[in-house]
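Trainee: coords please:
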Amino acid sequence: MTLPKFKFTADGLIPAIVQDAQSRRVLMMAWMNETSLQQTLATGLMHYWSRSRQKYWLKGETSGHTQKVVRWAADCDADTLLFEVEQTGGACHTGYESCFFQTFTPNGAAIDIAEAKVFDPEKTYEKK
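Mentor: Alright, predicted model coming up:
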């Protein structure tokens, strides 16, 4: 498959914003490179590039909390991707549905977290 001409960073990455296809809640932001984008399109499941681990990863490979692509788009500058997904389980490795669970007031004060975790990360990511 030939991809459109996206604007990847100097290190070959492009930001991917991921939102729930039904609720439209933003779940997470991660980085992709051309290979992880190709894998995502080939399998229908979200794949990313981990900058900290310097490796590809399939969302849910450890937790089982996968993201199935429903539709996707690029922004008008072709330098950011938006994926709408069917999320299985939580998107955040801390146990929340979304990585954006901590909200703030306009002046920067943290607001108490009102939502419950959807899974226990201690049990999901047990050390072997």
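Trainee: C-alpha only now, for contacts and for neighbours.
Mentor: OK.
Trainee: mind listing what the residue nearest to Gly12 when sequence neighbours are not counted touches?
Mentor: The shortest distance from Gly12 to any non-neighbouring residue, by Cα to Cα, 6 or more residues apart in numbering, is to Asn33 (5.8 Å). Applying Cα atoms under 8 Å, 6 or more residues apart in numbering to Asn33 gives the contacts 8, 12-14, 48-49.
Trainee: Just the buried subset of those, please.
Mentor: Among the contacts of Asn33, those scoring as buried are 8, 13-14, 48-49 (criterion: 16 or more other Cα atoms under 10 Å).
Trainee: Just give me the closest of these to Arg25.
Mentor: Each of those was scored against Arg25 by Cα to Cα, and Tyr48 proved nearest at 19.5 Å.
Trainee: State the number of residues packed around the residue nearest to the closest one when sequence neighbours are not counted.
Mentor: Nearest non-adjacent residue to Tyr48, counting by Cα to Cα, 6+ apart: Met32, 4.8 Å away. Using other Cα atoms under 10 Å, Met32 is surrounded by 26 other residues.
Trainee: And Met32, how far from Phe100?
Mentor: As defined by Cα to Cα, to the nearest Å, Met32 lies at a distance of 19 Å from Phe100.
Trainee: picking that back up, my guess is the residue nearest to Tyr48 contacts Gln54, does it?
Mentor: No - counting by Cα atoms under 8 Å, Met32 does not reach Gln54; the two are 11.5 Å apart.
Trainee: ok, the contacts of Asn33 vs Tyr125, which is closest?
Mentor: Nearest to Tyr125 among those, counting by Cα to Cα, is Tyr48 at 18.6 Å.
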